[in-house]
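Novice: Make a model of this:
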Amino acid sequence: NTLETIQMAVEEGEKSGVVEMVTLLGRMLRYSLSNDARLVPIDAEVRHVRDFLTIQKYRFEERVNFHIDVKVPMNRLLTPKFILQPIVENSLKYGLERSKGVRIHIAAALEFGAGSGKQDVVFRIRDDGPGIEAGKLEALSEALRAGEHVKGESGLGLRNVHARIFMMFGDEYGLQIDSIEGKGTEVIIRSPVMETHDNKEDRMLPQGTEEKEA
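Specialist: Below you'll find the model as predicted:
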């Protein structure tokens with residue numbers, strides 16, 4: 001799809017757009033192929049999803065709008081790799097199928113876990129798409145909690161992200177889905193605070209440590 005978009009831009013003489021799309025696509029491929037680490041700096045994961053959404057903006061123009069608001073030290077904290085794009089793809093898929101366009105807001109912040117007293121890294125991916133019917137939302141949430149099979153390509157992506165985080169960090173972490181039919185959906189991704197080091201060893205930050213913007 002991206003290559004077809006690039007082809008159309010070439011035919012229409014949009015040189016600057018072609019250059020940017022090729023640059024973004026190349027960077028996304030390098031991110032996908034050059035690093036097999038399970039954990040990556042948050043800035044790398046955010047840049048990847050920003051690149052993905054920028055290409056979608058070229059494809060769908062005014063039908064796609066997005067905003068990214070990150071309030072954590074992105075180059076110093078780690079996140080599991082490839083957790084944002086599957087969620088964003090769901091927002092695009094259903095938003096563009098059922099309405100004229102979709103707005104996607106991605107936020108990241110440090111939040112205290114409910115009852116744990118520990119700070120976690122929390123991503124919130126919110127869209128103004130069609131939302132999920134209450135019965136389907138309950139079934140989907142229960143399937144994620146139980147680790148059961150989720151029908152459909154989009155459900156599989158959600159389950160895979162949740163399962164990877166759950167297996168890495170335990171049942172305090174993973175996905176939570178909030179949705180109102182006709183209003184939109186918010187997917188919350190929670191993982192522990194981990195600091196990156198030059199020697200690439202991962203270390204949990206001591207509890208009570210406050211992180212400030214670099």
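Novice: quick one: terminal-to-terminal distance for stretch 52-71?
Specialist: Start-to-end span of stretch 52-71 (CA to CA, to the nearest Å) is 20 Å.
Novice: who's in contact with that stretch?
Specialist: For stretch 52-71, the external contacting residues (CB atoms under 8 Å, 6 or more residues apart in numbering) are 1-2, 5, 9, 17, 20-21, 24-25, 28, 42, 46, 49-50, 85, 88, 92, 96, 100-110, 213. No exception for glycine: its C-beta is placed from N, CA and C like everyone else's.
Novice: Out of these, which end up buried?
Specialist: When the contacts of stretch 52-71 are checked for burial by 16 or more other CB atoms under 10 Å, the buried set is 2, 5, 9, 17, 20-21, 24-25, 28, 42, 46, 49-50, 85, 88, 92, 96, 102, 104-108, 110.
Novice: So which of the contacts of stretch 52-71 are in helices?
Specialist: Using DSSP state H, the members of the contacts of stretch 52-71 that fall in helices are 2, 5, 9, 17, 20-21, 24-25, 28, 42, 46, 49-50, 85, 88, 92, 96.
Novice: roughly how far apart are the most centrally placed residue in the chain and residue 111?
Specialist: Note on the chain: the residue nearest the mean C-alpha position is residue 84, at 1.5 Å, using CA atoms, centre = their mean. Counting by CB to CB, to the nearest Å, the separation of residue 84 from residue 111 is 17 Å.
Novice: ok, residue 187 - how many residues close by?
Specialist: Counted by other CB atoms under 10 Å, the residues lying close to residue 187 total 25.
Novice: if I pick it, what's in contact with it?
Specialist: Per CB under 8 Å, 6+ apart, neighbours of residue 187: 87, 90, 124-126, 158, 175-178.
Novice: again, only this time at 10 Å
Specialist: Residue 187 makes contacts with 83-84, 86-88, 90-91, 106, 123-127, 158, 161-162, 175-179, as judged by CB atoms under 10 Å, 6 or more residues apart in numbering.
Novice: what's the following helix or strand after the one helix or strand it maps to?
Specialist: Taking DSSP states H and E as the definition, residue 187 sits inside strand 184-192. Of the helices and strands lying after strand 184-192 in sequence (DSSP H and E), the nearest is strand 194-195.
Novice: From the contact counts, what lies against that next one?
Specialist: For strand 194-195, the packing partners by 3 or more CB pairs under 10 Å, 6 or more residues apart in numbering; DSSP states H and E come out as strand 78-80, strand 203-204.
Novice: Lowest mean pLDDT across these, which one is that?
Specialist: Mean pLDDT is lowest for strand 203-204 among those, at a mean of 39.
Novice: By residue count, tell me the biggest strand in this protein.
Specialist: Ranked by residue count and defined by DSSP state E, the top strand of the chain is strand 102-112.
Novice: Could you count how many residues lie near residue 22?
Specialist: Residue 22 - counted by other CB under 10 Å - has 14 other residues nearby.
Novice: Ok, residue 192 next?
Specialist: Quick note: residue 192 (other CB under 10 Å) scores 21 neighbours.
Novice: That one reaches residue 111, doesn't it?
Specialist: No. Between residue 192 and residue 111 there is no contact under CB atoms under 10 Å: 11.7 Å.
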